[in-house]
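*Asks:* Pasted the sequence and its predicted model underneath.
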Amino acid sequence: MALQWVVLGYVVAVEAVLAILVTLPSPKGIRTHIVSLTSRLLQPSMGIVPFALFQLMDIYWKNEHRLSCSSEVCTAAERDRYERAIFKAQRNAVLCVAACFLYWCIYSVCKYQKEIQKVEEVEKRLKES
């Protein structure tokens, strides 16, 4: 497994943990701290989206230019190597899509949580006055 796929795998794991933390029910004080910390982490981690899209384009290009082994001339070892390459490409494509999807989910949840906080503040001000 190449270094970029290891990095992308770790990023997806961290994004999954963040998505779980942001969506779990928790007390209001803890939730605001979790959302603010996650929101601060989102901007620098935006670089993962173009990276994942670039990796998807690389997978597509390699798939289009891969020598196919579908004839009877291929040996069993060549066929196995071809099938393993296809499976790895599919796994890596799922990893790229998961990275983009989880980033979008975390961003959406944090955005909605901030909107809820603003509405609660407005409601609190209206009740006081």
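*Replies:* Thanks, I have the structure now.

*Asks:* what pLDDT does Cys96 get?
*Replies:* Note on Cys96: pLDDT of 94.

*Asks:* Now do the longest helix anywhere in the chain: which elements does it pack against?
*Replies:* When the chain is parsed with DSSP state H, its longest helix is helix 76-128. Helix 76-128 makes packing contacts with helix 3-23, helix 28-42, helix 48-64 when contacts are defined by 3 or more C-beta pairs under 8 Å, 6 or more residues apart in numbering; DSSP states H and E. In this view, the C-beta of every residue, glycine as well, is placed from N, C-alpha and C.

*Asks:* what's the closest of those helices to Gln117?
*Replies:* Proximity to Gln117, assessed across these by C-beta to C-beta, is greatest for helix 28-42 (6.7 Å).

*Asks:* Run the chain-centre distance for the closest one.
*Replies:* Its chain's C-alpha centre and that of helix 28-42 lie 19 Å apart, by C-alpha atoms, centre = their mean, to the nearest Å.

*Asks:* Leaving out sequence neighbours, find the closest residue to the residue nearest to the spatial centre of the chain.
*Replies:* Computing the C-alpha centroid of the chain and ranking residues by C-alpha atoms, centre = their mean puts Ala99 first, at 1.6 Å. Excluding the flanking residues, the one nearest Ala99 by C-beta to C-beta, 6 or more residues apart in numbering is Ala52, at 4.4 Å.

*Asks:* give me the low-pLDDT residue ranges for this structure?
*Replies:* Scanning the chain for pLDDT under 70 picks out the ranges 1, 71.

*Asks:* got a list of what the residue nearest to Ala99 touches?
*Replies:* Listed by C-beta atoms under 8 Å, 6 or more residues apart in numbering, the contact set of Ala52 reads 8, 95-97, 99-100.

*Asks:* Tell me, how many residues neighbour Ala19?
*Replies:* 17 (other C-beta atoms under 10 Å).

*Asks:* residue contacts, it?
*Replies:* Per C-beta under 8 Å, 6+ apart, neighbours of Ala19: 102, 105-106, 109.

*Asks:* Identify the farthest-apart pair in those residues.
*Replies:* Across those, the longest distance by C-beta to C-beta is 10.6 Å; it joins Leu102 and Val109.

*Asks:* returning to that earlier point: looking at neighbours, which among the contacts of Ala19 is most surrounded?
*Replies:* Neighbours here mean other C-beta under 10 Å. Within those, the largest count is held by Ile106, at 22 neighbours.
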